[in-house]
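**Q** heads up, no residue letters with this:
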């Protein structure tokens, strides 16, 4: 997987003016920004991706529909559009994305690996079949649509939830509420 240059943030999420490789930010525990895009269907299904087995953080676990680091000088929206196209092969516009907030995630996915990210979070209606996706095999090994009730059940199950990236409960509750509020 290619390393990329990212802007470093302070603990309040403000740019420091420093630019580092993503790998350095993770090794040093530097704060930086990412995008999380959650796709949902109007019948209450949420798209999850399974991370590739050779990812440096949380390999082989189910996660956000699409996620990635915001490149140096890149806007969150442009990053989201780029990541969606790269990871699952969909072309979307800014109008397809609904920004719902920024949340700080601080995780230690492995010894000497510190993932301190400000997640710029978007939701988007999924208007196509997952069979039309072109998965970027370096990033994504599979995708699955799960109903909100199924997601809640998995998160409560201490065995099954180990198959998912350990975002905190408040994060998942926020996402589920935001999606549920957009359903007919």
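**A** In hand now; what should we look at? Since this is a predicted model, take the numbers as computed values, not measurements.
**Q** residues near residue 49, how many?
**A** If you count neighbours by other CB atoms under 10 Å, residue 49 ends up with 24. Where C-beta positions appear, they are placed from N, C-alpha and C, glycine not excepted.
**Q** against residue 11, how distant is it?
**A** As for residue 49, its distance to residue 11 is 29 Å (criterion: CB to CB, to the nearest Å).
**Q** checking residue 162 next. Helix, strand or coil?
**A** Following DSSP: H, G, I helix; E, B strand; the rest coil, residue 162 is assigned to helix.
**Q** begin at 46 from now on, thanks
**A** Let's use 46 as the start, then, which means that last one is residue 207.
**Q** which residues are in contact with it?
**A** The contact partners of residue 207, by CB atoms under 8 Å, 6 or more residues apart in numbering, come to none.
**Q** give me the phi and psi angles of residue 137.
**A** When quoted as degrees, to the nearest 10, the phi and psi of residue 137 stand at phi -130, psi 170.
**Q** how far away is it from residue 123?
**A** Distance from residue 137 to residue 123, by CB to CB: 11 Å.
**Q** looking at these two, which has the bigger crowd around it?
**A** residue 137 (18 against 14).
**Q** what's the helix or strand hosting residue 113 packed up against?
**A** Using DSSP states H and E, residue 113 sits within strand 111-114. Applying 3 or more CB pairs under 8 Å, 6 or more residues apart in numbering; DSSP states H and E, one finds that strand 111-114 makes contact with strand 76-85, helix 121-133.
**Q** so how far is it off the chain centroid?
**A** Distance of strand 111-114 from its chain centroid, counting by CA atoms, centre = their mean, to the nearest Å, is 5 Å.
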